[in-house]
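> Sequence first, then the predicted structure:
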Amino acid sequence: MSFSKKFIGGATCALLLATTISVSLPAPAHADDAGAFIGGVMASRIGQNMRSRTQAEQQQAQAAQDQAYYQQQQAQQVQQAPPPAAEPTVEERLAKLDKLAEGGYITPEDYKKKKQAILDEI
């Protein structure tokens with residue numbers, strides 16, 4: 001048999017088979033509204049999850065940026081803060097007490113008490 005006869009025979013056989021199958025199969029199923037509803041719900045949920053994830057990532061990025069900013073501000077404040085003042089010496093405290101007494105800001109009794117307290121600390 002030649003090639004053309006084999007080809008024609010095969011094509012005829014395929015055509016008969018396709019016709020037989022199509023006649024014996026029921027009509028194609030059509031999607032009802034439930035399938036469309038479920039698809040819509042899934043699409044909505046996926047969209048919501050994507051928005052939530054994007055929002056969470058943006059919040060994390062903003063929190064990290066805020067934290068870095070506050071750490072930088074604290075570092076600058078530490079650098080700009082003056083060193084703590086040294087505690088005044090006994091002589092400086094007595095001189096200040098004398099000025100307060102001379103100016104009439106404290107009574108002579110308070111002057112004596114404070115002076116004795118300063119001297120007791122020595």
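Perfect, thanks for sending it. Everything numeric in this text was worked out from a predicted model, so none of it was measured. Numbers count the residues shown, from 1 in each chain.
> So for Leu94, what's the nearest residue that isn't a sequence neighbour?
On the basis of CB to CB, 6 or more residues apart in numbering, the spatially nearest residue to Leu94 that is not a chain neighbour turns out to be Ile118, at 6.0 Å. For every residue, glycine as well, the C-beta is placed using N, CA and C.
> Equivalent analysis for Arg93, please.
Distance criterion CB to CB, 6+ apart; nearest residue to Arg93, sequence neighbours excluded, is Ile118 at 5.3 Å.
> what's the spacing between the helix or strand hosting that neighbour and its chain's center?
Using DSSP states H and E, Ile118 falls within helix 108-120. On the basis of CA atoms, centre = their mean, to the nearest Å, helix 108-120 sits 59 Å off its chain's mean C-alpha point.
> Next: stretch 49-68.
In this view, stretch 49-68 has its centroid 4 Å away from the chain centroid, taken as CA atoms, centre = their mean.
> Which residue ranges make up the domains of the chain?
34-81, 84-122 (automatic domain parsing).
> Using TSV, please lay out those together with mean pLDDT and mean neighbour count.
Compiled in TSV, the domains of the chain are given as follows (pLDDT from 0 to 100; neighbours: other CB atoms under 10 Å):
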stretch	mean pLDDT	mean neighbour count
domain 34-81	87	10
domain 84-122	89	11
